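A.B. asks: Generate coordinates for the sequence data below:
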Amino acid sequence: MKKMFVFLVSMFLFVQLNAQEGKLVGDEAPQFEAHDSNGNNVNLSAELQKGKVVLIFYRGQWCPYCNRHMSALQDSLSMITYKGAKLIAITPEKNEEINKTVEKSNAQFSIVYDANHIIMDAYEVTFTMSKSKHLAYKTYGININEASGNDDRALPVPATYIIDTDGRITYRHFDKAYKNRASVKEILDNL
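C.D. replies: Predicted structure coming up:
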């Protein structure tokens, strides 16, 4: 039994060490172009010509921590834009689910459905939920695959990046503990 415990702990640590770690401060931000939930074209390169971008990755409308974070961002949106930045949120959820996020958070900024998690992969924030956890979520009515249109149980680490007009990342908040998010104060201080 002891050997099995040591083996499982070793495997857990090995997996943790090899998990994605996200883009780093100083890295060039991967460019993307997509449509937000309102049908507007969101082109990172074009947005950076106007000013800095605060890029948020969130898990979905079913996540109470995401909804609180999105609400806090909406409440402070005028302070973010006053600092000359645009806020863009990325989610693996389809537009129907984004609409639920908007209802819950009153978000008035661009929210992009990342079909096939292309943007998440580029920023190295994608992780795959275990089959057992996915099954447990489904018993509570949360179907990650149905919400995303994929069958791979992919979610983002809830990360925040500030991207400067030169396309470089100047700030990042990347924490695998999904309850921890970048505070609005932290974002504003780094803008």
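A.B. asks: most centrally placed residue in this structure?
C.D. replies: Nearest to the geometric centre of the chain sits F57, at 1.2 Å (C-alpha atoms, centre = their mean).
A.B. asks: Hmm, that residue is touching V157, no?
C.D. replies: Yes: look at F57 against V157 with C-beta atoms under 8 Å: they come within range, at 6.9 Å. Yep, even glycine has a C-beta here, placed from its N, CA and C like the rest.
A.B. asks: Give me the common contacts of these two.
C.D. replies: Residues touching both F57 and V157 (C-beta atoms under 8 Å, 6 or more residues apart in numbering): V125.
A.B. asks: can you give me the helices in this protein?
C.D. replies: 2-18, 44-50, 64-75, 77-82, 95-105, 118-122, 131-139, 144-148, 184-190 (DSSP state H).
A.B. asks: Can you lay out those helices as a markdown table showing mean pLDDT, mean neighbour count and distance to I162?
C.D. replies: Putting these into a markdown table (pLDDT from 0 to 100; neighbours: other C-beta atoms under 10 Å; distance: least, C-beta to C-beta, whole Å) gives the following:
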| stretch | mean pLDDT | mean neighbour count | distance to I162 |
| --- | --- | --- | --- |
| helix 2-18 | 40 | 9 | 26 |
| helix 44-50 | 97 | 14 | 11 |
| helix 64-75 | 97 | 18 | 13 |
| helix 77-82 | 97 | 14 | 10 |
| helix 95-105 | 96 | 17 | 20 |
| helix 118-122 | 96 | 18 | 16 |
| helix 131-139 | 90 | 11 | 31 |
| helix 144-148 | 89 | 19 | 26 |
| helix 184-190 | 97 | 15 | 5 |
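A.B. asks: Dihedrals phi and psi, V125?
C.D. replies: With angles defined as degrees, to the nearest 10, V125 sits at phi -110, psi 0.
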